[in-house]
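Participant: generate a structure from the sequence data that follows.
(2 chains)
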Amino acid sequence: MSEEKNVQVLWLYDDLLDLYGDSGNLTLIKKRLTQLGYQMFLTRASLADSPKVSEYDMVYIGPGKAKNLRRACEHILTLKDEIVKAIDEEKVILVTGNARLLLGKGYTDEDGSFVKGLELFPYTGEETGKVFISDVVANPQFETNESLLYGFINRTGRIKDNVGPYLFKIVKGAGDEKKGDAFEGNLYKNLFSTWLLGPVLVKNPQMAREFLGRLIGREQIAYDDTLETMALKMTLKEFSL
Amino acid sequence: MKFKLALLVGKILYFFGKFVGKSSNLPGDIALKICPDMLGRFQIKGKIIAVTGSNGKTTTANMVAHVLQQCGHTVTNNAKGSNMTGGVATTLLNAADFSGVVPQEYVVLEVDERFSRIIFKSFSPHYMLVTNLFRDQLTRNGNVDVIIDKLHEAIGPEVKLVLNANDPISSRLALQNERVYYGLCESEASTKECQSITHDAKVCPVCFHRLRYDYFHYNHIGGYHCDACGYENPQMKYVSRIENLSEGAFVIDDHPVKTGYNSLFNILNMTACVAVCCEAGIPEEEACKAVSSFQVSKERYDEFQVGERKAVMILSKNQNPVSFDQSISQVLSMEGEKTVVIYVNNINHTGHRDTTWLYDIAFERLKGKIENLVCTGPRAYDLAVRLNMADFDMQKVKVQPFRSRLKATVDETKGTICVLTELYDAKGILEVISR
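Facilitator: Residues are numbered from 1 along each chain as shown, chains lettered A, B, ... in the order given. I've put the predicted structure just below:
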């Protein structure tokens, strides 16, 4: 982090991977950083670019349509060294929805062909072409207390053999592969990866605090998120837990 | 035999259904149970025009029927937006005589894009008009690519397509089919930057590199080109140009057209209507004259009084951000002080608590333009969070999740009450507010 309180954010494949609600997470990051006296600079990069990923403070990749995901997957292999470097240097990274398929060994596309992934995790994925939706209530694994979090899955893909380290313990709803899975997502160093799509940081104030804390330092995190907390409480109330 | 029986039963049900308000889908649904391949057994004498797309298909299909009738032709159509299999069957069995002959010169069918492949399994339209394709109810439909695959199953090799040249997505449907394009030139109301969050064509449909826009009419509808592969708007056969937008005056290929609803969205739909009518044999001058006399139905717009205050109800489609963006445009076009009341429910067909789709609506456009905003419904707080993220002045935002207390909350606000909600929730909210 530079002394001028600047935060450099890279949104990878903002054009290709843009399923829905994806800008919400970055809206939150920008709003909170601005409140805390930081200036956020957003860079968008896609197929025509070869960004120095490790030079950014934060990286975001969201979910996309199957055809687009395949193009992104072919391209992201050219960035592998930079992405590994960014993770090792503990840059803060958020990967949501089917963008998770990019991080594993690869995935079987709907036509049966295998698309090679970054091999950062030993899991494999599958594109089924069938829409699967689920509400999810989960315990984040970055907290010692048992706080609850809400998210939503809307996917046509799934992941098999995720062996962790996990991001969430599932209380209700589906995990990486199916309903009834015990865990979901990955939290490795500062890489957060989850099927919960859309504005997951906005919906879950405790996750936003954790994420921002890792980005600019925990001692910096002082803002009012009463409204988000109330919205989450109202949502969780509707589940018989 | 089965067909004749289905036809008879359907006609009887239609006759009685009219008295109990069950005449738009039910007769067709039951008739299809008796004769599952019924749709293919009608002897349709006239030209069949199908109208589909994500947004604007009901209005555009009604417009097409209006133009054809104004030009002196006999027409049958599913006017009430009953656009699934049962609705189409009902329309045809009602139009047919007892031997199954549909005698009208034109059959205009609005079809749901997801059901089109089932509807057109056993018969095929002569023309298919596609208004546009957007993300729409992603929890039910899947993404736009999934819709395209379904439409491809519905488009037979003989169907002539009438497509929107301003839409990089729907303009590339069934490339092997014969086609014509319509479109609207850049206008004073077009913008250089996208005013919406929902933009479904950020990449080139051919090479997947970033698509460059010269102008936007709304969402991803506009003028575009790809620097990487040279792809650009296809050549339009039917071209609209705005003459005087505030007066709703424009020309289609030099023929003057007028409308009382002067949004670019509606002008494009009117152009689409003229294009398909001309392809189906109507002289362009006559079509332009006839479309000018079409009144946009106010099914999704209603005015009423709440005590001394004027109130309007603007409905949008469930989880359809483009439709909601249109509702916001309508609020912005109104004069005077306004308070916006927005009802947000759980996902209507499944009950899931997701509100992701709110992040695809450009609520930012309302900032500083309205007096108050009231968030209500089960997901009222989620909407308030969304508005807070958009940096609204939260002093002006009121949150009232409970319907029973909504009236009191609305009474604390000023100006015309603009209720923005989905079709499904309209009745409930109207009962409370206008009490």
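Participant: what strand or helix carries residue B:200?
Facilitator: With elements delineated by DSSP states H and E, residue B:200 resides in a region that no helix or strand encompasses.
Participant: any regions of chain A where pLDDT drops low?
Facilitator: A:1-3 (pLDDT under 70).
Participant: repeat that for 50
Facilitator: Within chain A, the stretches with pLDDT under 50 are A:1-2.
Participant: hang on, residue B:340 packs against residue B:373?
Facilitator: Yes. Between residue B:340 and residue B:373 a contact is recorded at 4.9 Å, counting by C-beta atoms under 8 Å. Backbone N, C-alpha and C define where each C-beta goes, glycine included.
Participant: did I read that right, residue B:150 in a helix?
Facilitator: Yes. The assignment for residue B:150 (DSSP: H, G, I helix; E, B strand; the rest coil) places it in a helix.
Participant: could you check how many residues crowd around residue 133?
Facilitator: All of this refers to chain A. Neighbourhood size, residue A:133 [other C-beta atoms under 10 Å in any protein chain shown]: 17.
Participant: let's do chain B instead
Facilitator: 27.
Participant: and for residue B:284?
Facilitator: Residues within reach of residue B:284, counting by other C-beta under 10 Å, total 16.
Participant: nearest residue to it in space, please, no chain neighbours.
Facilitator: In space, residue B:284 comes closest to residue B:278 once its chain neighbours are excluded; the distance is 5.0 Å by C-beta to C-beta, 6 or more residues apart in numbering or on different chains.
Participant: any idea whether the one you found is helix, strand or coil?
Facilitator: The three-state label for residue B:278, taken from three-state DSSP, comes out as helix.
Participant: distance of it relative to chain A?
Facilitator: 34 Å (C-beta to the nearest C-beta, to the nearest Å).
Participant: any residues in contact with both of residue B:340 and residue B:373?
Facilitator: A shared contact of residue B:340 and residue B:373, defined by C-beta atoms under 8 Å, 6 or more residues apart in numbering or on different chains, is any residue touching both; here these are residue B:366.
Participant: element containing the most centrally placed residue in chain A?
Facilitator: The geometric centre of chain A, computed from its C-alpha atoms, lies nearest to residue A:95 (C-alpha atoms, centre = their mean), at 2.8 Å. Taking DSSP H and E as the definition, one finds residue A:95 inside strand A:92-96.
Participant: next SSE after that strand?
Facilitator: Per DSSP H and E, strand A:92-96 leads on to strand A:106-108 as the next helix or strand towards the C-terminus.
Participant: and that next one, how far from the chain's centre?
Facilitator: A distance of 19 Å separates the C-alpha centroid of strand A:106-108 from that of its chain, computed with C-alpha atoms, centre = their mean, to the nearest Å.
Participant: mind listing the strands it pairs with, and their directions?
Facilitator: Pairing partners of strand A:106-108, with direction, according to DSSP bridges: strand A:114-116 (antiparallel), strand A:124-140 (parallel).
Participant: ranking those by burial, who's on top?
Facilitator: With neighbours taken as mean count of other C-beta atoms under 10 Å in any protein chain shown, the strands paired with strand A:106-108 reach their highest mean count in strand A:124-140, at a mean of 18.
Participant: find the closest residue to chain B in chain A.
Facilitator: Minimum separation of chain A from chain B (C-beta to the nearest C-beta) falls at residue A:198, amounting to 3.1 Å.
Participant: could you measure from that residue over to residue A:144?
Facilitator: As defined by C-beta to C-beta, to the nearest Å, residue A:198 lies at a distance of 27 Å from residue A:144.
Participant: ditto for residue B:408
Facilitator: With distances defined as C-beta to C-beta, the gap from residue B:408 to residue A:144 amounts to 43 Å.
Participant: higher neighbour count, the two?
Facilitator: Taking residue B:408 and residue A:144 together and counting by other C-beta under 10 Å, residue B:408 has the greater number of neighbours (9 against 6).
Participant: what pLDDT does residue B:316 get?
Facilitator: Residue B:316 is assigned a predicted lDDT (pLDDT) of 87.
Participant: swap in residue B:299?
Facilitator: The predicted structure scores residue B:299 at 67 on the pLDDT scale.
Participant: the closest residue to residue B:190 other than its chain neighbours in helix, strand or coil?
Facilitator: Once flanking residues are discounted, residue B:190 sits nearest to residue B:215: 4.3 Å by C-beta to C-beta, 6+ apart. When classified by three-state DSSP, residue B:215 comes out as strand.
Participant: show me the contacts for residue B:215.
Facilitator: For residue B:215, the set of contacting residues under the criterion of C-beta under 8 Å, 6+ apart consists of B:186, B:190, B:191, B:192, B:222, B:223.
Participant: 6 Å - rerun?
Facilitator: In this structure, residue B:215 makes contact with B:186, B:190, B:222, B:223, judged by C-beta atoms under 6 Å, 6 or more residues apart in numbering or on different chains.
Participant: all strands for chain A, in order.
Facilitator: Assignment of strands within chain A using DSSP state E yields the ranges A:6-12, A:39-45, A:58-61, A:92-96, A:106-108, A:114-116, A:124-140, A:149-160, A:168-172, A:183-184, A:186-188, A:191-194.
Participant: and the second one, which residues are buried?
Facilitator: Spelled out, it's strand A:39-45. If you call a residue buried by 16 or more other C-beta atoms under 10 Å in any protein chain shown, then strand A:39-45 has these buried ones: A:40, A:42, A:45.
Participant: can you name the residues of chain A that neighbour chain B?
Facilitator: Residues of chain A found near chain B (C-beta under 6 Å from any C-beta of the partner chain) are A:15-16, A:20-21, A:24, A:27, A:46-48, A:65, A:67, A:71, A:131, A:133, A:135, A:152, A:154, A:198-199, A:227-228, A:230-231, A:234-235.
Participant: and those, which of them are buried?
Facilitator: Buried members of those, counted by 16+ other C-beta under 10 Å: A:15-16, A:20-21, A:24, A:27, A:46-47, A:65, A:67, A:71, A:133, A:135, A:152, A:154, A:198-199, A:227-228, A:230-231, A:234-235.
Participant: quick one, phi psi at residue B:128?
Facilitator: Phi and psi for residue B:128, reported as degrees, to the nearest 10, are phi -130, psi 120.
Participant: any low-confidence regions in the stretch 251-400 of chain B?
Facilitator: Low-confidence regions of the stretch 251-400 of chain B, defined by pLDDT under 50, are absent; no residue qualifies.
Participant: quickly find the element holding residue B:286.
Facilitator: Under the criterion of DSSP H and E, residue B:286 resides in helix B:284-292.
Participant: now the element after the helix or strand harbouring residue B:387, going C-ward?
Facilitator: With elements delineated by DSSP H and E, residue B:387 resides in helix B:380-389, which encompasses its position. Scanning forward in sequence from helix B:380-389, with DSSP H and E defining helices and strands, the next element found is strand B:397-400.
Participant: for the helix or strand following that next one, the distance to its chain's centre please.
Facilitator: Proceeding N to C from strand B:397-400, the next assigned helix or strand is helix B:406-411, under DSSP H and E. Chain-centre distance of helix B:406-411: 31 Å, with C-alpha atoms, centre = their mean.
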